[in-house]
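1. model this:
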Amino acid sequence: MTPIPSENGVDGDDEREEDDEKEEEPRLKYQRMGGSIPNLLSSDAASCIAVAERMISLGTVDGTIHILDFLGNQVKQFMAHTAAVNDLSFDVEGEYIGSCSEDGTVVINSLFTDEKVLKFEYHRPMKAIALDPGYSRKTSKRYVAGGLAGQLCFNSKKWFGYRDQVLHSGEGPIHAVKWRTSLIAWANDAGVKVYDVATDQIITFIERPRGSLHPELLLPHLVWQDDTLLVIGWGTFVKIASIRANEKKGANGTYRPVPMSSLNQVDIVASFQTTYYISGIAPFGDSLVVLAYIPVEEDEEKGFSTAMSSRQGNAQRPEVHVVTWNNDELATDTLPVHRFEQCKAKDYSLAHAPFSGSSYAGGQWAAGDEPLYYVVSPKDVVIAKPRDTEDHIAWLLEHGWHEKALEAVEAGQGRSELIDEVGSSYLDHLIVERKYGEAASLCPKLLRGSAPAWERWVFHFAHLHQLPVLIPYMPTENPRLHDTAYEVTRMKISSCSSFHNFSNALAHDLGIFDAQAALVALATNMSFHKDLLSTVKSWPPVIYSALPVISAIDSQLNTSMTDALKEALAELYVINGQYEKAFSLYADLMKPDIFDFIEKHNLHDAIREKVVQLMMLDCKCAVPLLIQNKDLISPPDVVSQLLNASNKCDSKYFLHLYLHALFEANPHVGKDFHDMQIELYADYDLKMLLPFLRSSQHYTLEKAYDICVKKDLLREQVFILGRMGNTKRALAVIVNKLGDVEEAVEFVTMQHDDDLWEELIKQCLHKPEMVGVLLEHTVGNLDPLYIVNMVPNGLEIPRLRDRLVKIITDYRTETSLRHGCNDILKTDSVNLLVKYYKEARRALCFSKEEEARVKRGDGSGDSQAIWRTEGARAMEAKSKTRGDTRCCMCFDPFFIRDVAVAVFFCCHAYHMSCLMDSMHTVVSGKKGSGATSRMSDYDYDSNDEDDEENDSGVPRLRCILCTTAASLR
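-> Here you go, the predicted model:
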């Protein structure tokens, strides 16, 4: 259990021991209410409390009601009763306060007006009261109260004054009552009932828990969490009742909620028993806050009632428990209130602050409002509220979790000034733990730009003789420390025998010579190479020259070259602008960010000698880099370096990755290594071998075949044998080793070799199963009857009957498809010929006037499109016209006479006047003779609707020569 910390304002004397070794962070923090409270309770005792949005009301044993602000300062007081005040109730606006007392009276006071005090006599002690939430707004001025008389009285203002109505009686005294919206909940000896004022009926009854103590010894507690949730705490039992609306079925089958006045269904949504007595209960978000009274073990053995009457001065301190609806403990705090040893369970009470806009003072809180809880004992009032971020950080520091506290501050939780406090505490903790290196490394992060803080820790490290650890992290600017700090540093370093040459390293002015002398001194001592690296990274380059330090390190290249010294040298090369040398060292050190370094400084030329190191560091980044720069470092160079690499890396795998990427980028660049790639694919990526064999033309077939035979790669052998022309051997591999007849049929089909079909049949004849599969897959390639005739007598072929049926069916289907295709082809041919013939019989007439009209743009776009189409056809016909563009009737050239011309697709052309005269002569001759000529027999398309005449009744034009020739046949 977590004791109340002293900084919260609650003084504790006898702290309880922790039950668990691992202490959990509390959920609440506590503060004793000050102001007028200590003075008021010094001569009196608190008996009850009520909280409104703007004030607090405290009732005492002598019958006085004190109105307080939230700091505990008294604003008003009412000498309302002559005996102890048992209960208090505000309306929702906080303008009226109602009270009831042991003297049997109920008093209602107005807090902001001079209205007359209302006092009602009931002649028996009154234990509970609740004002109508809308008391200040309504003229009915209703309240409900009850006590030892066992009657729940509903009082309201009528025409002739105030009248009481007994809502319920006969089940013992009324111990508690709460009013929310139109619902009134009260507790008596039998249990809890809920009454709906709107419907004037009791809607539920919740029986008193079995085994619970008598209410006179341990009062029940009621609180509305919201408009539909009622929390009940009675003895050691907790119940949460949900009052929900009935759903009436509508005409369309949907359900609709009924008004609040029709609420009449109650469900117990949570119920559990505690190990302590409940002296108060309140909601805490989705959890509960319970004020617990811890009985003494002797009391539990003798019985609670006996102990309450016989034992005083031996009670334990009350506790605040934060629990879920399943009674899971979230937090437990002990409250050392004043004179807790003499208190009984019913002497305590718990109230919580309302939220803004609540329908009643006593529910949940609106977003952004802070919940407050008030724990009342006869001589004390303690305020409890949720812990904030700063409390969380302080608790982490108190328990030594400095890293978590620092993370919380860096995440932006709490004030920014907290980082100084947390940082100082963290450094103190590390110093106590003798973790000087870790403390020094955190100084730049924790001290930031505070020069006074830096100077204080410089002197502290100097006092602890740990200043050399801090030197690499000391700032030289932003902030610039006082000269004394640098002087102290120089003196402490010079006193160390291992730093004989470092005495002038950090002089008060940090001159260029002194800084580089310090670095040289660090470089010449192997034990301080790591400090040299940290110093080079942290010191600004402007305070020293890198070249002398580089020279000092170069002298040790063959003696004591540690990794730290190599990295420091690389950093110095970067400072001096020698990026290629820095890259060489970074590559040897296998620095992960080397690829970014290459791109930043454009060092693609420098990668030529570091292929192996780059591949070992990150082959996924190295391969694209080498491919992109294949003009700078040729593939033969890359392959040579990888082949000559040491055994520390899988150089063949790296070679495979590089050659594969090179082949995908350009199949012809690495053609000299395609033989090598076949073996690499066989070792590392077998599924890519066959696509490579099909794509490449630059490998030796014999070598490739030997590799495939060695690796027993059958399909690759088939492909290579096929490319070599040894198709029979390839077919033998498929049939005898792969045993895949379908693939064999596909292979033979692609070769277009009849002899190979014979070979396939011969190799399958001695294998009955293969013969059956061959029969199934040769339809369309071979005549199945030919295969059947070649099968030896007595050979049993599995499922031969089914396969023959399938062959015949497939053959019939194929034959039917061929006949159907032939019929369709014939029909299409005839239709196309008829269409062509009809088109060929038509004439195209064109003249200069028509052409001029079209050129002028007369007519719509559709007519122009038709003209273009007809014109194109006319030009095609004209180009085919025989007779040197002469009329076939008068044999005059067309250009002599300015008349229209008619052109037929039989390549004959006429003057329109000659054609019309000829047709008139022919038609007249036909009518005059009355004879039937063959010309009329030639009129095969006379049934066409547009054949003989057009829409105007004019006969269609016919080629005279072709018509006459047809009639003479």
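2. alpha carbons only for contacts and neighbour counts from here, please
-> Will do.
3. Can you show me the strands along the stretch 801-950 of the chain?
-> Ranges of strands within the stretch 801-950 of the chain are 843-846, 901-904, 909-911, based on DSSP state E, counting those that start in this stretch.
4. now the first one: mean pLDDT?
-> Spelled out, it's strand 843-846. Strand 843-846 carries an average pLDDT of 74.
5. Give the pairing partners of that strand; include direction for each.
-> strand 901-904 (antiparallel) (DSSP bridges).
6. per-residue pLDDT, Tyr255?
-> Value listed for Tyr255 in the pLDDT field: 45.
7. Return the residues in contact with Ala606.
-> 580, 583-584 (CA atoms under 8 Å, 6 or more residues apart in numbering).
8. domains for this protein, by residue range?
-> Per the record, the chain has its domains at 36-170, 390-496, 728-798, 842-846+885-919+959-968, by the TED database.
9. out of those domains, nearest to Asp227?
-> Closest to Asp227 of the domains of the chain, according to CA to CA: domain 36-170, at 12.2 Å.
10. Could you tell me the end-to-end distance of that closest one?
-> 42 Å (CA to CA, to the nearest Å).
11. for stretch 610-623, what is the average pLDDT?
-> Stretch 610-623 carries an average pLDDT of 88.
12. Format the CA atom coordinates belonging to that stretch as PDB.
-> The C-alpha coordinates for stretch 610-623 follow below in PDB (Å, rounded to 0.1, in the frame of the first residue of the first chain):
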ATOM      1  CA  LYS A 610      36.700  -1.500 -51.800                       C
ATOM      2  CA  VAL A 611      34.300  -3.800 -53.600                       C
ATOM      3  CA  VAL A 612      34.600  -6.600 -51.100                       C
ATOM      4  CA  GLN A 613      34.200  -4.400 -48.100                       C
ATOM      5  CA  LEU A 614      31.100  -2.700 -49.500                       C
ATOM      6  CA  MET A 615      29.500  -6.100 -50.400                       C
ATOM      7  CA  MET A 616      30.200  -7.400 -46.900                       C
ATOM      8  CA  LEU A 617      28.700  -4.300 -45.300                       C
ATOM      9  CA  ASP A 618      25.500  -4.200 -47.300                       C
ATOM     10  CA  CYS A 619      25.200  -6.100 -50.500                       C
ATOM     11  CA  LYS A 620      21.700  -4.800 -51.200                       C
ATOM     12  CA  CYS A 621      23.200  -1.200 -51.400                       C
ATOM     13  CA  ALA A 622      26.500  -2.200 -52.900                       C
ATOM     14  CA  VAL A 623      25.200  -4.100 -55.900                       C
END
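13. List the contacts of it.
-> Contact partners of stretch 610-623, identified using CA under 8 Å, 6+ apart, comprise 584, 587-588, 590-592, 595, 638, 641-642, 645, 649, 651, 654, 657-658, 661.
14. now the strands of the stretch 801-950 of the chain in TSV, with mean neighbour count and distance to Gln628?
-> Output for the strands of the stretch 801-950 of the chain, formatted as TSV (neighbours: other CA atoms under 10 Å; distance: least, CA to CA, whole Å):
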stretch	mean neighbour count	distance to Gln628
strand 843-846	20	66
strand 901-904	24	68
strand 909-911	27	70
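15. need those in a markdown table with distance to Thr809, can you?
-> Below are the strands of the stretch 801-950 of the chain laid out as a markdown table (distance: least, CA to CA, whole Å):
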| stretch | distance to Thr809 |
| --- | --- |
| strand 843-846 | 54 |
| strand 901-904 | 53 |
| strand 909-911 | 59 |
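16. now the contacts of stretch 610-623: which count as buried?
-> Burial by neighbour count, judged by 16 or more other CA atoms under 10 Å, picks out 584, 587, 591, 595, 638, 641-642, 645, 651, 654, 657-658, 661 from the contacts of stretch 610-623.
17. what about the spatially most central residue of the chain, distance to His402?
-> Geometric centre of the chain, nearest residue: Ala411, 20.8 Å, by CA atoms, centre = their mean. Ala411 sits 14 Å away from His402, going by CA to CA.
18. now swap in Tyr276 and tell me
-> Separation of Tyr276 from His402 (CA to CA) stands at 36 Å.
19. who has more neighbours, the two?
-> Counted by other CA atoms under 10 Å, Tyr276 and His402 do not tie: His402 has more neighbours, with 22 against 17.
20. Which residue is the nearest non-sequential neighbour of that one?
-> In this structure, His402 finds its nearest non-sequential neighbour in Tyr426, 5.5 Å apart by CA to CA, 6 or more residues apart in numbering.
21. burial count for the one you found?
-> By other CA under 10 Å, the residues close to Tyr426 number 22.
22. which residues sit against the helix or strand harbouring it?
-> Assigned by DSSP states H and E, Tyr426 falls within helix 418-432. For helix 418-432, contacts defined as CA under 8 Å, 6+ apart pick out 397, 400, 402-403, 405-406, 409-410, 436, 438-439, 442-443, 446-447.
23. what about Leu58, is that helix, strand or coil?
-> Secondary structure state of Leu58, per DSSP: H, G, I helix; E, B strand; the rest coil, is strand.
24. looking at it, it is touching Ala52, isn't it?
-> No: Leu58 is beyond contact range of Ala52, at 11.5 Å (criterion: CA atoms under 8 Å).
25. where in the stretch 251-400 of the chain is pLDDT low?
-> For the stretch 251-400 of the chain, applying pLDDT under 70 flags the ranges 251-264, 297-313, 354-370.
26. all strands in it, in order from the N-terminus.
-> 255-257, 265-273, 277-284, 287-293, 319-323, 329-334, 349-352, 373-377, 380-386.
27. Quick check: neighbours of the second one in the sheet, parallel or antiparallel?
-> Take DSSP bridges as the rule and strand 265-273 pairs in its sheet with strand 237-244 (antiparallel).
28. Can I get the partner strand in PDB, CA atoms only?
-> Taking C-alpha atoms only, strand 237-244 is exported to PDB below (Å, rounded to 0.1, in the frame of the first residue of the first chain):
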ATOM      1  CA  PHE A 237     -21.000  -5.200  -1.000                       C
ATOM      2  CA  VAL A 238     -21.100  -3.000  -4.200                       C
ATOM      3  CA  LYS A 239     -23.800  -3.100  -6.800                       C
ATOM      4  CA  ILE A 240     -24.200  -1.000  -9.900                       C
ATOM      5  CA  ALA A 241     -27.700  -0.800 -11.300                       C
ATOM      6  CA  SER A 242     -28.500   0.300 -14.900                       C
ATOM      7  CA  ILE A 243     -31.900   1.700 -15.500                       C
ATOM      8  CA  ARG A 244     -32.700   1.500 -19.200                       C
END
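29. could you give the mean pLDDT of that strand?
-> Rounded mean pLDDT across strand 237-244 is 90.
30. Now do that strand against strand 287-293, angle only.
-> Computed by axes from the mean of the first three to the mean of the last three CA atoms, to 10 degrees, the angle separating strand 237-244 from strand 287-293 equals 150 degrees.
31. Run the angle between strand 237-244 and strand 277-284 for me.
-> Put simply, strand 237-244 runs at 40 degrees to strand 277-284, going by the same axes, to 10 degrees.
32. Figure out how far strand 237-244 is from the centre of its chain.
-> Offset of strand 237-244 from its chain centre (CA atoms, centre = their mean, to the nearest Å): 37 Å.
33. counting contacts, what elements does the helix ranked longest in the chain pack onto?
-> As assigned by DSSP state H, the longest helix anywhere in the chain is helix 800-841. Judged by 3 or more CA pairs under 8 Å, 6 or more residues apart in numbering; DSSP states H and E, helix 800-841 is in contact with helix 768-777.
34. can I have the helix holding Tyr426 written out in PDB, keeping just the CAs?
-> The C-alpha trace of helix 418-432 is given here as PDB (Å, rounded to 0.1, in the frame of the first residue of the first chain):
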ATOM      1  CA  LEU A 418      11.400  20.000 -15.200                       C
ATOM      2  CA  ILE A 419      14.200  18.900 -17.400                       C
ATOM      3  CA  ASP A 420      16.800  20.700 -15.300                       C
ATOM      4  CA  GLU A 421      15.500  19.200 -12.100                       C
ATOM      5  CA  VAL A 422      15.300  15.700 -13.600                       C
ATOM      6  CA  GLY A 423      18.700  16.100 -15.300                       C
ATOM      7  CA  SER A 424      20.400  17.100 -12.000                       C
ATOM      8  CA  SER A 425      18.700  14.300 -10.100                       C
ATOM      9  CA  TYR A 426      19.700  11.800 -12.900                       C
ATOM     10  CA  LEU A 427      23.300  12.900 -12.800                       C
ATOM     11  CA  ASP A 428      23.500  12.700  -9.000                       C
ATOM     12  CA  HIS A 429      22.100   9.200  -9.200                       C
ATOM     13  CA  LEU A 430      24.800   8.100 -11.700                       C
ATOM     14  CA  ILE A 431      27.500   9.700  -9.700                       C
ATOM     15  CA  VAL A 432      26.400   7.800  -6.600                       C
END
